[in-house]
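[1] need a 3D model of the sequence below.
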Amino acid sequence: MAQFDNSALLDHTKVPEKAALEGLEERWGAQWREEDLYHFDTETSREAVYSIDTPPPTVSGSLHVGHVFSYTHTDVLARYQRMRGKNVFYPMGWDDNGLPTERRVQNYYGVRCDPSLPYDPDFVPPHNGGDGRSIKYADQQPISRRNFIELCWKLTSEDEKQFEQLWRYLGLSVDWKQNYQTIGAKAQKVAQAAFLKNLERGEAYQSQAPGLWDVTFQTAVAQAELEARDYPGDYHALAFHRSDGGDDVIIETTRPELLPACCALIAHPDDQRYQELFGTTVRTPIFDVEVPVLAHPLAEMDKGAGIAMCCTFGDVTDVQWWRDLNLPLRNVLRKDGRLLAETPEWILGDQGRSMYEQMAGKTTFSARKVLVEALQASGEMIGDKQPTMRKTNFFEKGDKPLEIVMSRQWYIRNGGTSHVESNGKELRDNLVSRGQDVAFHPDFMRVRYENWVNGLNTDWLVSRQRFFGVPLPVWYKITPAGDVDYDAVLTPGQDQLPVDPSSDCPPGYTEEQRGAPGGFQGEVDILDTWATSSLTPQIAGGWLTDDTLFRNVYPMDVRPQGQDIIRTWLFSTMVRAHLEFGGVPWKHAAISGWILDPDHKKMSKSKGNVVTPMGLLEKHGSDAVRYWAASARLGTDAAFDEQQMKIGRRLAMKVLNASKFAMQTAGGDAPMDLDITAVTEPLDRSMLAALAQVVEQATDALEKYDHTRALEVTETLFWTFCDDYLELVKERAYDRDDTLAAAGGAEKVRSARVTLDITIDTFVRLLAPVLPYATEEVWSWYRTGSVHRAHWPVAGDLDAGGDPALLHAASAALIALRKVKTEQKVAQRSEYVHATLTVPEADVQATQAVAEDLAATSHVSGTLTVLAGDVTTPVVTDYELKPAQPRKK
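    Residues are numbered from 1 along each chain as shown. Just a heads-up that it's a prediction; the model follows:
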């Protein structure tokens with residue numbers, strides 16, 4: 001029989017007169033901080049470590065309840081592993097570079113970046129925290145890039161302090177010394193070094209090519225950042241004129257303003273309607289430019305007229321047609337979304353040139369209006385425009401449809417195009433295989449990863465035309481004639497990193513050679529934010545900065561994250577780990593679901609339906625909110641439900657009150673008694689046997705990343721303990737006036753008290769990962785140290801030789817005895833003169849074993865008889881109640 005650990009017991013309990021949840025966050029949060037309770041011990045080995053690739057939240061305003069939801073899942077895991085004896089590496093990063101930060105700075109301070117302006121060391125922003133949505137773009141004050149970046153640093157620093165305060169209040173057991181910023185020097189060094197290694201191995205390359213472009217943010221957009229949305233438009237039927245004088249060819253388009261960029265008409269090779277046209281030419285309406293009629297299998301025979309104009313570029317299909325059919329490039333769109341100011345050289349006719357001059361410099365909307373009016377006047381637009389709703393690509397953070405423009409960009413190979421690796425297999429196939437090396441929780445999330453990899457059609461676009469981010473660490477030689485040679489790339493040594501090519505010089509050059517013939521030009525673009533975030537295991541783990549730390553934490557044990565960024569963060573991290581280390585970045589991926597609003601829509605800041613968490617934490621308590629979060633399984637969407645938080649608060653309060661009751665049964669401030677050898681009564685042993693089962697079930701669930709199952713089994717038995725076991729043994733445990741002890745029942749009294757103490761001590765540990773504040777409070781009443789550094793319960797320590805079925809039989813019998821009094825509308829303290837319990841035959845022996853406790857709890861002053869009968873649950877078949885006392889009005 002095991003001896004329960006009591007090495008950290010106080011010599012007397014310190015139970016408060018009134019237990020309360022209020023103020024626990026401040027009191028224990030301060031103590032944990034002072035004691036540095038959750039520190040990671042750097043003097044360790046990889047086998048002893050459990051490392052977490054914590055998601056760095058985007059520092060662009062405020063956290064919402066969805067963050068609390070998913071980060072609680074991670075914290076439950078961290079606390080459990082720490083109690084299992086692991087040295088938990090639980091860092092916190094801040095994703096503070098990129099577009100979200102820039103946009104917030106623009107709105108917060110009423111400014112925008114103009115790189116052509118000089119730095120003003122005395123600059124004071126025109127606003128400080130105003131509602132940026134009321135400040136139009138034209139009213140935002142242009143400032144230099146350096147001034148703009150300084151404001152980015154200032155605001156993110158303030159936001160990070162607020163985020164940390166909320167995380168601490170929630171009870172995240174993060175080691176706050178292990179932190180980083182994705183724009184910090186350490187992150188910049190890692191991101192730039194990884195890129196240069198990609199470049200050296202041929203995995204990074206630059207290309208002048210058509211790409212998706214956001215005209216508002218003036219930056220290229222990667223495939224992973226796309227969001228397809230419904231967008232209203234109109235079909236316009238336009239007449240193209242056959243060069244041989246035959247009937248006009250009618251096409252339908254929603255982008256008539258791109259007519260001057262038309263380079264061909266395309267139909268499906270099997271479409272019989274256009275067989276005689278293939279290989280011929282037609283002339284465009286108004287502009288009178290001759291273009292060929294060609295066949296391509298991507299043309300949709302059942303869409304519109306079945307024939308479409310290919311313009312450079314209206315959509316991604318145009319890009320493929322342009323490449324496959326070797327069509328001329330006729331670009332008319334600028335990067336600001338307006339048409340080129342100069343008339344294109346391929347428009348030769350006076351009518352066409354005059355028409356284009358009316359469109360030049362206009363937005364696509366205004367240019368469309370002008371051209372449609374002209375087409376209607378010339379009769380080359382057939383009928384009226386027909387409204388339609390179409391799916392259009394947007395930047396996930398943008399509010400205007402994306403355009404496709406030609407630009408020079410940097411890419412990293414990710415399997416989107418053919419690339420054979422050293423093992424003779426395609427990179428795409430190797431990345432799919434890597435997915436099999438990671439345990440996804442839940443497992444079906446792996447399919448989303450595989451579908452994304454198999455559906456890629458471009459490599460990873462990593463350059464961005466923004467300001468606040470990690471600079472691309474390259475320069476370009478300038479020829480003696482003064483031309484920039486983008487193929488002559490200059491790179492820094494690793495010992496120089498991080499570098500900013502806009503202010504630093506490449507090796508062997510001086511600042512005087514910047515922009516001069518025979519000199520160099522620095523790259524001004526920055527790396528995509530995912531190009532840095534894809535390296536969070538390396539940044540947090542000390543790659544290139546702390547070799548010992550990196551060996552002890554990498555590959556990490558788990559990546560917790562949301563399901564919506566499998567295609568971005570999870571996949572890109574897998575790419576970087578595969579290319580650099582030939583392996584996976586972590587062993588497990590724990591994928592949280594979404595939080596749904598009352599209309600069952602995903603909560604997100606962009607939708608404006610989020611709930612900020614601090615008010616909830618203050619209203620219900622952190623433990624209660626954590627309970628709500630932990631009640632949802634990984635991969636499962638959960639409704640925002642304050643009722644569930646109220647249930648969590650009730651549980652946390654019951655932990656305090658039940659613990660207080662158990663500790664006071666011995667009277668005074670007697671120390672906890674955890675000597676399991678003193679547990680002699682069948683009911684008490686049964687309680688510990690049931691508890692041992694729960695310890696096994698909860699441990700197994702947590703090992704399988706199922707925190708919800710662990711909470712379910714623990715909570716269910718806890719309420720059985722409170723509602724049934726406590727009631728069954730309280731008379732014996734209290735033993736008022738030592739009546740039972742004086743009659744030779746001292747062992748029975750101690751058996752009940754020890755069982756209560758052991759059970760409380762075990763439940764406090766089991767619930768600690770979910771309810772850190774209430775459990776720490778109880779722990780402090782009878783033990784030194786912290787429950788969060790205590791060992792996790794072990795089922796074997798609870799072996800007192802009991803049968804858990806006995807507890808369940810006793811609970812069922814107690815319910816039957818209570819039911820009679822409830823139906824008779826008498827108080828539960830009313831006495832039975834006698835009572836007969838008829839129970840299922842299989843439960844007779846178990847019920848008889850606890851008959852003494854049942855009689856005491858149910859106030860049976862005479863005989864309590866237990867009989868076998870043809871019943872499924874216990875029934876009181878014969879009884880006599882003393883006359884009930886009149887109820888007080």
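[2] any stretches of this structure with poor pLDDT?
    Applying pLDDT under 70 to the chain flags residues 1-7, 61, 130-135, 599-600, 602-611, 741, 884-889.
[3] residue nearest the centroid of it?
    Of all residues in the chain, the one closest to the mean position by Cα atoms, centre = their mean is residue 562, 3.0 Å from it.
[4] how about it: what's its closest non-neighbour residue?
    Spatially, and ignoring its direct neighbours in sequence, residue 562 is nearest to residue 592 (5.5 Å; Cβ to Cβ, 6 or more residues apart in numbering). Any C-beta I mention is one placed from the backbone N, CA and C, and that applies to glycine too.
[5] same thing with residue 777?
    Residue 777's closest residue in space is residue 24 (Cβ to Cβ, 6+ apart), at 5.6 Å.
[6] repeat for residue 306
    residue 271 (5.4 Å).
[7] I'd assumed residue 303 was in contact with the one you found.
    No - contact criterion Cβ atoms under 8 Å: residue 271 and residue 303 do not qualify, at 11.1 Å.
[8] does residue 192 touch residue 473 like I think?
    Yes - in this structure, residue 192 is within contact of residue 473 by Cβ under 8 Å, at 4.1 Å.
[9] so what's residue 855 up against?
    residue 864 (Cβ atoms under 8 Å, 6 or more residues apart in numbering).
[10] what does residue 838 give?
    867, 868, 869, 871, 874, 875, 876, 877.
[11] flag every buried residue along the lengthiest helix in the chain.
    Using DSSP state H, we find that the single longest helix of the chain is helix 145-170. For helix 145-170, a neighbour-count test (16 or more other Cβ atoms under 10 Å) marks 145-152, 155-156, 159-160, 163-164, 166-170 as buried.
[12] in its sheet, what does the helix or strand following it sit against?
    Later in the chain than helix 145-170, the nearest helix or strand by DSSP states H and E is strand 179-181. Paired strands of strand 179-181, with direction, are strand 92-94 (parallel) (DSSP bridges).
[13] which residues does the next helix-or-strand element following the strand it pairs with contact?
    On the C-terminal side of strand 92-94, the nearest following helix or strand under DSSP H and E is helix 99-109. Residues outside helix 99-109 that contact it (Cβ under 8 Å, 6+ apart) are 58-61, 111-113, 125-133, 135, 140, 148, 151-152, 155-156, 217, 219, 397, 464, 466-468, 529.
[14] between the longest helix of the chain and helix 99-109, how many degrees?
    With axes from the mean of the first three to the mean of the last three Cα atoms, to 10 degrees applied, the angle from helix 145-170 to helix 99-109 works out at 100 degrees.
[15] for the helix or strand containing residue 773, packing partners?
    Assigning secondary structure by DSSP H and E places residue 773 in helix 772-782. For helix 772-782, the elements it packs on are helix 24-35, helix 622-630, helix 642-664, helix 746-767, judged by 3 or more Cβ pairs under 8 Å, 6 or more residues apart in numbering; DSSP states H and E.
[16] name the next helix or strand downstream of that helix, please.
    Downstream of helix 772-782 (by DSSP H and E), the next one is helix 804-823.
[17] any idea how far residue 306 is from the closest residue to residue 656 other than its chain neighbours?
    Distances taken as Cβ to Cβ, 6+ apart put residue 19 closest to residue 656, at 3.8 Å, once the chain neighbours are dropped. If you measure residue 19 against residue 306 using Cβ to Cβ, to the nearest Å, the figure is 76 Å.
[18] before we move on, what about residue 116?
    Taken as Cβ to Cβ, the span from residue 116 to residue 306 is 49 Å.
[19] more neighbours: which of these two?
    Between residue 116 and residue 306, counted using other Cβ atoms under 10 Å, the more crowded position is residue 306 (17 against 8).
[20] isn't that one right next to residue 272, touching?
    No - look at residue 306 against residue 272 with Cβ under 8 Å: they stay out of range, at 10.0 Å.
[21] next, count neighbours for the spatially closest residue to residue 110 that is not a sequence neighbour.
    Excluding the flanking residues, the one nearest residue 110 by Cβ to Cβ, 6+ apart is residue 127, at 3.7 Å. Residues near residue 127, counting by other Cβ under 10 Å, number 17.
[22] same question, residue 366
    Applying other Cβ under 10 Å, I find that residue 366 has 15 neighbouring residues.
[23] quick check, it in a helix?
    Yes - under DSSP: H, G, I helix; E, B strand; the rest coil, residue 366 falls within a helix.
[24] so where's the longest strand in the chain?
    Counting by DSSP state E, the longest strand found in the chain is strand 226-242.
[25] how big is the angle separating the following helix or strand past that strand from strand 226-242?
    Remark: after strand 226-242, the chain's next helix or strand is strand 249-253, criterion DSSP H and E. Here strand 249-253 points in a direction 160 degrees away from that of strand 226-242 (the same axes, to 10 degrees).
[26] pairing partners for the very next helix or strand once past strand 249-253, with directions?
    Following strand 249-253 in sequence order, the next helix or strand is strand 262-267 (DSSP H and E). In the sheet, strand 262-267 lines up against strand 290-295 (parallel), strand 307-311 (antiparallel) (DSSP bridges).
[27] so how far is strand 262-267 off the chain centroid?
    44 Å (Cα atoms, centre = their mean, to the nearest Å).
[28] any idea which helix or strand comes after it?
    Trace forward from strand 262-267 with DSSP H and E and the next one is strand 281-283.
[29] relative to that next one, what are the paired strands and their orientations?
    strand 226-242 (antiparallel), strand 290-295 (antiparallel).
[30] one step back: what's the neighbour count on the residue nearest to residue 562?
    27.
[31] that one: what's it in contact with?
    69, 70, 73, 560, 561, 562, 563, 634, 635.
[32] can you put those residues in TSV and add secondary structure and distance to residue 39?
    Converted to TSV, the contacts of residue 592 look like this (DSSP: H, G, I helix; E, B strand; the rest coil; distance: Cβ to Cβ, whole Å):
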residue	secondary structure	distance to residue 39
69	helix	26
70	helix	24
73	helix	22
560	strand	20
561	strand	25
562	strand	28
563	helix	32
634	coil	27
635	coil	32
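[33] quick check, nearest of these to residue 740?
    Within the contacts of residue 592, the smallest distance to residue 740 is 46.9 Å, found for residue 73 (Cβ to Cβ).
[34] re earlier: out of the helices and strands packed on helix 772-782, flag the one nearest residue 458.
    helix 622-630 (36.9 Å).
[35] would you put the C-alpha positions of the closest one in CSV?
    The C-alpha trace of helix 622-630 is given here as CSV (Å, rounded to 0.1, in the frame of the first residue of the first chain):
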residue,chain,number,x,y,z
SER,A,622,-9.7,34.0,-14.9
ASP,A,623,-10.4,30.5,-13.8
ALA,A,624,-13.9,30.6,-15.0
VAL,A,625,-13.0,31.9,-18.5
ARG,A,626,-10.2,29.3,-18.7
TYR,A,627,-12.8,26.6,-17.8
TRP,A,628,-14.9,27.7,-20.7
ALA,A,629,-12.0,27.6,-23.0
ALA,A,630,-10.8,24.2,-21.8
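[36] parallel or antiparallel, which strands does the helix or strand following that helix pair with?
    The helix or strand immediately downstream of helix 622-630 is strand 638-639, counting by DSSP H and E. According to DSSP bridges, strand 638-639 has the following sheet partners: strand 595-596 (parallel).
[37] could I get the phi/psi values of the spatially closest residue to residue 409 that is not a sequence neighbour?
    Leaving aside its chain neighbours, residue 409 sits nearest to residue 463 (4.8 Å; criterion: Cβ to Cβ, 6+ apart). Main-chain torsions, residue 463, degrees, to the nearest 10: phi -90, psi 140.
[38] from what I can see residue 335 touches residue 214, true?
    No - look at residue 335 against residue 214 with Cβ under 8 Å: they stay out of range, at 9.5 Å.
[39] compare neighbour counts for these two and give me the winner.
    Counted by other Cβ under 10 Å, residue 335 and residue 214 do not tie: residue 214 has more neighbours, with 24 against 16.
[40] count of neighbours near residue 395?
    Residue 395 has 23 neighbouring residues, counting by other Cβ under 10 Å.
[41] cool, residue 880 as well?
    Count around residue 880 with other Cβ under 10 Å applied: 10.
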